[in-house]
Structures are given as C-alpha cells and as structure tokens.
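S.K.: Give me a model of this one.
(one chain, ligands or ions: 1)
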Amino acid sequence: MNLVPPGLEPTHTQSLTQQLNTLLSGFQVYYQNVRGLHWNIRGRQFFELHLKFEELYTDTQLKIDQIAERILSLGGRPAHTFSAYLEHNTLQIGSDISGAEAAVHLVVDNLKGLIGVERTALEWAVKAGDDGTADLLTQFLGEQEKTLWMFNAWLG
Ligand SMILES: [Fe+2]
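M.R.: Model prediction:
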C-alpha cells in the first residue's frame, strides 16, 4: 500500500525519510548526552545546570516523537533501536562529563550538529514540496538557534 501523502513523490519522500532518520538518531544521542549531563554535573553551578539539562531533554523527548511520527506520516519507518541510532548518528557522544564548561561545550557542539542535519533535511523537504516537514524543521531550527545563542552567551 502506498502511504505517501497526496501530492508527494514516493522517490522524494524516501530520501527525505532517510535524512529524518539521521536526524532522529542524532536527537536520540543528544537526548542521552543531555541525560548524562543532568546526572553527572558537579560543582557550584549544579542546581542551575541540572535543572537546565532536564528542561532540554524533556523538550528533546517531544521532538523525537514528532520526528518519528512525521516519518510514519510520510510512509517511512522510524529507526527505533540503539544499534540503528549509532549507525545513523553524526553527533559527538559525551561520556562521564561532570565539569560545567565541558558539559555546555558538548551541548553547543550537539546543537550545531543537529542544526546542520536539519538544514540538509529542510533542503530535501523543500525539493519534495513537503510543506509539513519543512514547517516542522523550520520550527526546530528557530528554537535551537535561540538555545544555541543562550548557551554561547553562558560560555561568554
Ligand atoms: Fe532527574
């Protein structure tokens, strides 16, 4: 059964869902990175950052679901295993980070990576005439560019 929404080309949406799976995988890695930062952060800024990281991963969880369900809406299949996420992921993985500066640097680096994948996906969406996906990605881009500015400001 052809599950591609009316007005979209299956060949275009296939390339797009692949790119969205790369984005989904990046978001899953980012989610786990930020969760790790929430757990491992130490020092005088503990309360501020512990809370901020919780805010980030809670928001990320919602975005992950939106991407996966967008892939399904396009007739694709969202990646859902750790092995698939690692295969598609392009983001840096953080491990045992407890210092505030290192933690924020990881967030900044991951946000830049996600924004890059989103821009490529947005190009595919525009090429496919897929306004629904383009809208979702544009919304993510605007939000993450703002978050990136804030964390860069934090770094001084
Ligand atoms: Fe917690």
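S.K.: Just give the nearest non-adjacent residue to the residue most central in space within the chain, would you?
M.R.: Centroid-nearest residue in the chain, with CA atoms, centre = their mean: Phe27, separated by 3.3 Å. Leaving aside its chain neighbours, Phe27 sits nearest to Ile64 (5.0 Å; criterion: CB to CB, 6 or more residues apart in numbering). To be clear about C-beta, it is placed using only N, CA and C from the backbone, and glycine gets the same treatment.
S.K.: again, but for His12
M.R.: Ala128 (3.6 Å).
S.K.: With Glu87 instead?
M.R.: Ser25 (7.5 Å).
S.K.: Likewise for Glu9?
M.R.: In space, Glu9 is closest to Ala128, 6.6 Å off (CB to CB, 6+ apart).
S.K.: Quick check: phi and psi at Ile97.
M.R.: phi -90, psi 120 (degrees, to the nearest 10).
S.K.: What is the neighbour count of it?
M.R.: 18 (other CB atoms under 10 Å).
S.K.: tell me which residues of the longest helix along the chain are tucked away?
M.R.: Determined from DSSP state H, the single longest helix within the chain is helix 10-40. For helix 10-40, the neighbour count (16 or more other CB atoms under 10 Å) marks 12-13, 16-38, 40 as buried.
S.K.: again with stretch 68-87
M.R.: Those would be Ala68, Arg70, Ile71, Ser73, Leu74, Gly75, Gly76, Pro78, Ala79, Tyr85, for stretch 68-87 by 16+ other CB under 10 Å.
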